[in-house]
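**Student:** return a 3D structure for these sequence lines:
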Amino acid sequence: MPINAAGYWEPDLSPKQAQTLLKCHPDNPDKKKFFCLSGPRRSGKSVGALHALAQHLWNTSNAQACILCPSISAASDSGLWTTLVDTVLPEWFNEGNFGFAYLKEPFVSGATKKLRLETTNRHGTKSTLMLESIREPGDRGLAELEKKVKGRMFDFVLWSEVGSWVHSRRAFDVLIETLRHPGLPAKEHTLLLDTNPADTGKAHWIYELFYDLRTAEDIDPALEGLRKQLDLLEIMVDDNPYLTEEDRDLLKAQYLHSEDLAARYLRGEWVTANTNAVFGDTFREKLHVIPTPGPQEEDPEVLVPEPGCAQLFTAWDPGQVNHGVVLFEKTYKETDDGKELPVIKVLDEVELIQSDLLLDEVTEMVLEKMAYWSGMMDDDVMWTHISDTSALNFKSSMTGLYQAQVIYEASNGQIALQPAQKKSGSVSQQLDLVRKLLFNDRLYVSGMHCPRLIEAMKALPRGKNRAPVDRNSRYKHIVDALRYGVSFVCYDEVSRNIYEQIRERKRASGGSGLVQVAF
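**Tutor:** Numbers count the residues shown, from 1 in each chain. All right, here's what the predicted structure looks like:
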């Protein structure tokens with residue numbers, strides 16, 4: 001049991017994690033109100049932030065604290081909330097053994113449907129913690145944040161993964177207004193940002209505040225009050241003594257393919273990444289790939305069809321020498337308000353780039369994949385096959401047959417392609433739908449069977465002159481197959497995006513005049 005020099009218990013932390021607690025301690029004369037923890041993955045900064053939160057719950061009378069994250073599942077399924085409840089708080093409760101305990105174990109509030117917990121504190125009152133999420137990206141997410149926190153009063157906000165999903169400085173200003181617990185000194189309020197370096201690098205507002213403004217000397221006097229309340233601690237992989245050499249070696253190998261990713265996620269540098277990446281702001285390997293990349297448990301979770309699954313899908317982007325196919329399941333999850341939304345689980349893939357294999361040989365490879373997944377089912381499974389309309393309209397130069405016809409004959413009638421919608425603007429709409437599913441944690445990819453799709457989700461660049469994708473990219477074909485499949489099985493959500501665009505343009509025009517929308 002760690003005991004500090006003053007004879008008090010303290011959690012078992014790395015030096016940088018312990019420094020995090022010191023910077024957030026109410027008795028620290030140098031404590032700042034706005035504190036940023038910046039560093040790469042696996043540095044231990046998030047665990048340090050959770051211990052700082054636990055410290056605050058114990059030290060603050062009638063504490064009102066909040067964890068703010070991009071989605072509930074990102075925190076509750078395997079993230080911050082789970083780590084806090086399963087690891088951090090039990091250490092404080094049991095190892096500390098000084099009266100810190102639950103008054104009310106984690107529960108879902110009946111009125112707000114939010115995850116909450118209540119603890120004792122050293123003042124003999126109640127400390128409360130809630131978990132809040134923002135579902136929508138971009139400007140809609142900012143509006144959602146403003147609505148959710150309007151009128152709220154917190155004394156501690158742990159803001160998770162800020163650099164990856166909060167692109168507007170306005171969000172920081174909104175949260176500042178919530179730090180106003182009546183009767184609590186201003187210096188005992190804390191907004192703690194936990195972030196990896198953002199992909200926009202030094203142009204991001206976090207860097208501008210916590211690196212540039214914090215260290216600036218000749219500034220507008222009106223900014224001095226803010227500058228004095230900014231604090232920063234960088235935590236790097238080498239600051240985490242709990243990683244083994246095998247862990248470190250694997251981390252290095254994981255990012256060898258991308259200098260941008262290695263700089264941000266391995267060395268913690270605020271460099272401008274490939275801002276052209278189509279899914280750069282929504283695809284998070286740690287969340288969307290199952291099993292999670294990196295060191296695994298002896299029996300890691302793997303992505304398989306749901307029990308009782310009766311239907312699986314293939315989605316195709318066949319070509320002359322480049323082919324992309326994904327195999328997936330459509331299932332559902334229930335939202336907080338009782339709605340059921342589709343969830344896409346990409347189980348397998350076939351990708352061939354500059355290949356001399358004929359399309360009928362590619363078809364045989366897909367049939368083998370289908371047989372594998374059908375064999376996992378207790379009952380017969382129905383397969384539905386999807387492609388772009390060009391597969392039904394494009395004839396092979398070698399056979400004189402349509403691609404869909406070649407696939408149908410090579411599969412002995414097992415694979416009859418059905419077309420996904422194709423209208424003006426449909427590429428952008430389909431990509432937006434994939435981004436939406438990623439942001440709402442409704443698209444998962446098998447880490448065991450889909451390495452090419454994972455690589456493409458990280459690296460597919462946008463095109464020039466506002467084109468949605470780079471048509472010459474090797475990553476395009478497997479992503480095209482994915483978007484065809486997603487738009488086919490979630491067609492109503494593609495349509496909904498169009499109608500939202502119509503409503504937005506009507507509002508912008510005052511509700512009068514012609515409204516042109518690209519379909």
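**Student:** for stretch 330-346, buried residues please.
**Tutor:** Neighbour counts using 16 or more other Cβ atoms under 10 Å place 330-331, 342-346 of stretch 330-346 among the buried residues. Every C-beta, even on glycine, is put in place using the N, C-alpha and C of the backbone.
**Student:** I figured V278 hits G463, correct?
**Tutor:** No - contact criterion Cβ atoms under 8 Å: V278 and G463 do not qualify, at 9.3 Å.
**Student:** joint contacts of those two?
**Tutor:** In terms of Cβ atoms under 8 Å, 6 or more residues apart in numbering, V278 and G463 are both contacted by the residues V469.
**Student:** of the two, who's got more company?
**Tutor:** Under the neighbour definition other Cβ atoms under 10 Å, V278 and G463 were set side by side, and V278 has more, 25 against 16.
**Student:** how much space between the residue nearest the centre of the chain and G163?
**Tutor:** Closest residue to the average C-alpha location of the chain: R284 at 4.6 Å, with Cα atoms, centre = their mean. Distance check for R284 against G163: by Cβ to Cβ, to the nearest Å, it reads 12 Å.
**Student:** now F35
**Tutor:** Counting by Cβ to Cβ - F35 and G163 are separated by 15 Å.
**Student:** shaky segments in the stretch 351-500 of the chain?
**Tutor:** 397-398, 422-425, 494-500 (pLDDT under 70).
**Student:** swap that for the stretch 101-250 of the chain, sorry
**Tutor:** 110-112, 136-139.
**Student:** now do the strands in it.
**Tutor:** For the stretch 101-250 of the chain, the strands defined by DSSP state E, counting those that start in this stretch occupy 102-108, 115-120, 126-133, 156-160, 190-195, 230-234.
**Student:** just send the ones you listed back as TSV, with distance to D247 too.
**Tutor:** Converted to TSV, the strands of the stretch 101-250 of the chain look like this (distance: least, Cβ to Cβ, whole Å):
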stretch	distance to D247
strand 102-108	30
strand 115-120	30
strand 126-133	28
strand 156-160	22
strand 190-195	20
strand 230-234	20
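**Student:** what's the closest of those strands to W9?
**Tutor:** strand 115-120 (15.4 Å; Cβ to Cβ).
**Student:** helices and strands around the closest one, which ones?
**Tutor:** The contact analysis (3 or more Cβ pairs under 8 Å, 6 or more residues apart in numbering; DSSP states H and E) places strand 115-120 against helix 45-59, strand 102-108, strand 126-133.
**Student:** hmm, try it at 10 Å
**Tutor:** The contact analysis (3 or more Cβ pairs under 10 Å, 6 or more residues apart in numbering; DSSP states H and E) places strand 115-120 against helix 45-59, strand 64-69, helix 72-76, strand 102-108, strand 126-133.
**Student:** ok, and what's touching that strand?
**Tutor:** For strand 115-120, the surrounding residues in contact (Cβ atoms under 10 Å, 6 or more residues apart in numbering) are 54, 57-58, 63, 65, 67, 72, 75-76, 81, 84-85, 89, 92-93, 98-109, 126-133.
**Student:** list residues touching both of R284 and G163?
**Tutor:** N196.
**Student:** contacts only, for the residue nearest to the centre of the chain.
**Tutor:** Per Cβ under 10 Å, 6+ apart, neighbours of R284: 70, 74, 161, 164-165, 196, 438-439, 441, 457-458.
**Student:** switch to 7 Å and redo it
**Tutor:** Listed by Cβ atoms under 7 Å, 6 or more residues apart in numbering, the contact set of R284 reads S164.
**Student:** now do it against K339, distance only.
**Tutor:** In terms of Cβ to Cβ, R284 sits 24 Å off from K339.
**Student:** same check, this time on M382
**Tutor:** M382 is 25 Å from K339, by Cβ to Cβ.
**Student:** S487 against L431, yeah?
**Tutor:** No - using Cβ atoms under 7 Å, S487 is not in contact with L431; the gap is 9.6 Å.
**Student:** higher neighbour count, the two?
**Tutor:** A side-by-side neighbour count of S487 and L431, using other Cβ under 10 Å, places S487 first with 25 against 22.
**Student:** and the spatially closest residue to that one that is not a sequence neighbour, its phi and psi?
**Tutor:** Once flanking residues are discounted, S487 sits nearest to Q430: 4.4 Å by Cβ to Cβ, 6 or more residues apart in numbering. The phi/psi pair for Q430 (degrees, to the nearest 10) reads phi -70, psi -40.
**Student:** tell me the helices and strands packed up against the helix or strand hosting K286.
**Tutor:** Assigned by DSSP states H and E, K286 belongs to helix 285-288. Judged by 3 or more Cβ pairs under 7 Å, 6 or more residues apart in numbering; DSSP states H and E, the packing partners of helix 285-288 are strand 443-446.
**Student:** can you do 6 Å?
**Tutor:** Helices and strands touching helix 285-288, by 3 or more Cβ pairs under 6 Å, 6 or more residues apart in numbering; DSSP states H and E: there are none.
**Student:** report the distance from the helix or strand following that helix to the chain centre.
**Tutor:** The helix or strand immediately downstream of helix 285-288 is strand 289-290, counting by DSSP H and E. From the chain centre to the centre of strand 289-290 is a distance of 12 Å (Cα atoms, centre = their mean, to the nearest Å).
**Student:** list the contacts of the next helix or strand after strand 289-290.
**Tutor:** For strand 289-290, the following helix or strand on the C-terminal side (DSSP H and E) is strand 311-317. Under the contact criterion Cβ atoms under 6 Å, 6 or more residues apart in numbering, strand 311-317 has outside partners 324-329, 381-387, 477, 480-481, 484-485.
**Student:** and what of stretch 478-491?
**Tutor:** Contacts of stretch 478-491 (Cβ under 6 Å, 6+ apart): 313, 315-317, 324-326, 328, 330, 342, 344, 351, 386, 388, 420, 430, 433-434, 452-453, 456, 460, 494.
**Student:** switch the cut-off to 7 Å
**Tutor:** The contact list for stretch 478-491, computed with Cβ under 7 Å, 6+ apart, reads 313, 315-317, 324-326, 328, 330, 342, 344, 346, 349, 351, 386-388, 420-421, 430-431, 433-434, 437, 452-453, 456, 460, 494.
**Student:** please apply the same query to stretch 26-36.
**Tutor:** 22-25, 59, 179, 186-193, 195, 206, 210, 229-232.
**Student:** now the strands for the stretch 301-450 of the chain?
**Tutor:** According to DSSP E, counting those that start in this stretch, the strands that the stretch 301-450 of the chain contains are 311-317, 323-334, 340-352, 382-387, 417-419, 443-446.
**Student:** selection in ChimeraX covering whichever of the contacts of stretch 26-36 are buried, please.
**Tutor:** To isolate the buried ones among the contacts of stretch 26-36 in ChimeraX, judged by 16+ other Cβ under 10 Å, type:
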select :23,24,59,179,188,189,190,191,192,193,195,206,210,229,230,231,232
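**Student:** just to revisit the earlier point, give me the pLDDT value at the residue nearest to the centre of the chain.
**Tutor:** Note on R284: pLDDT of 83.
**Student:** the stretch 401-519 of the chain: helices as residue ranges?
**Tutor:** 403-410, 426-439, 451-459, 476-489, 491-508 (DSSP state H, counting those that start in this stretch).
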